[in-house]
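Undergrad: predicted structure and sequence below. I'll ask about it afterward.
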Amino acid sequence: MTTQGDSRSISDGPSETPGHVRNGTRGGSRRLFVWGGVLVALAAGGWVVASPHPGDWLPGLGPSSQDKVTVVGSPPPTSATDPNPFTVEGYFPSSRPIELNNYKGRRSSGGRQGNDCAETLRDPAKNVLKDTGCQGYLTVSISRQDTKVLTSVTVLRFADDAAAAKAAGLIQGQGGLLTFVLPDSTIASPSAAAAAKSDSAPRVEAVRHYVTVTTSRYADGHPPNVPVDQDLDEASRAASYTAGTAFVWS
């Protein structure tokens, strides 16, 4: 390797012994300058690779869309010290398609977010999340490419992995527990009975210190096929996988 204007190469071998080091020479200062530049470049490159924003198409370039998000109550806190702010657009960019196997869909609304996790429940009076330490939530609506299947994804944030796993256990198997958010960011009928007739069984996953809850239904409201509805199951699997992937690196 040579520096511009200097035909002397920089050796890749071991350093000279202290008795042979020549301080203050022109060649020595250039060598220090070149290696210093390389170390700075490597350090900068390592930061970019190690700290991508999960909602960016390219690390550090910011979110890929500016869709409006419905904030209920107080918005989740963000700051310059938080490289991964807990926001709908940050983790689920509307411009990024959702594709898994044969399923193709896209986030269809700005979504909802807030600090009070009770806002995600169909019946806030029966707050099973009250003592779980839930710190905030995001809810997005995803539409299949043909718009015939709708999926609602709710993400709950906790202080640590253990709290998330415990909350997932409380939610698991309770169909109709959480609200279903529609493509226009409004909430579907709050009736758990109505949800039981139209929604697929929720997929509940603990991912690090988050819990993702995913449910699908037909846009025209007709009930799922039994015992397994292939279309709704495929939609929920794709959305659940996408949601979990978004939080693996958080």
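TA: The structure has been received and is ready for your questions. Residues are numbered from 1 along each chain as shown.

Undergrad: in three-state terms, label the residue nearest to Arg107 when sequence neighbours are not counted for me.
TA: Nearest residue to Arg107 in three dimensions, chain neighbours excluded: Ser94, at 4.7 Å (C-beta to C-beta, 6 or more residues apart in numbering). Heads up, the C-betas are built off the backbone N, CA and C, glycines and all. When classified by DSSP: H, G, I helix; E, B strand; the rest coil, Ser94 comes out as coil.

Undergrad: pretty sure Ser94 contacts Gly105?
TA: No: counting by C-beta atoms under 8 Å, Ser94 does not reach Gly105; the two are 11.5 Å apart.

Undergrad: neighbour count winner among these two?
TA: Neighbour count, other C-beta atoms under 10 Å: between Ser94 and Gly105, Gly105 has more, with 22 against 19.

Undergrad: who does the more buried one bridge with?
TA: Beta-bridge pairing of Gly105 under DSSP bridges involves Ile98, Arg144.

Undergrad: and the strands in this structure?
TA: Applying DSSP state E to the chain gives strands spanning 2-3, 6-9, 70-71, 98-100, 103-107, 112-114, 136-144, 149-157, 203-207, 210-218.

Undergrad: take those strands and lay them out in CSV including mean pLDDT.
TA: Formatted as CSV, the strands of the chain follow (pLDDT from 0 to 100):
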stretch, mean pLDDT
strand 2-3, 42
strand 6-9, 41
strand 70-71, 51
strand 98-100, 94
strand 103-107, 96
strand 112-114, 94
strand 136-144, 96
strand 149-157, 97
strand 203-207, 96
strand 210-218, 97
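
Undergrad: give the contact list for the closest residue to Gln145 other than its chain neighbours.
TA: For Gln145, ignoring the flanking residues on the chain, the nearest one in space by C-beta to C-beta, 6+ apart is Lys104 at 4.4 Å. Lys104 makes contacts with 97-98, 144-145, as judged by C-beta atoms under 8 Å, 6 or more residues apart in numbering.

Undergrad: ok, Asp160 next?
TA: Neighbour list for Asp160: His209 [criterion: C-beta under 8 Å, 6+ apart].

Undergrad: next one: phi and psi at it?
TA: Main-chain dihedrals, Asp160, degrees, to the nearest 10: phi -150, psi 170.

Undergrad: from Val88, how far out is it?
TA: 23 Å (C-beta to C-beta, to the nearest Å).

Undergrad: isn't Thr147 right up against Ala219?
TA: Yes: using C-beta under 8 Å, Thr147 makes contact with Ala219 at a distance of 6.1 Å.

Undergrad: hmm, Leu150 is touching Leu182, no?
TA: Yes: at 6.9 Å, Leu150 counts as touching Leu182 under the criterion of C-beta under 8 Å.

Undergrad: give the intersection of the neighbour lists for Thr147 and Ala219.
TA: With C-beta under 8 Å, 6+ apart as the test, Thr147 and Ala219 reach no residue in common.

Undergrad: so which residues of this protein form helices?
TA: With DSSP state H, the ranges of helices along the chain come out as 26-50, 88-91, 161-171, 192-198, 230-248.
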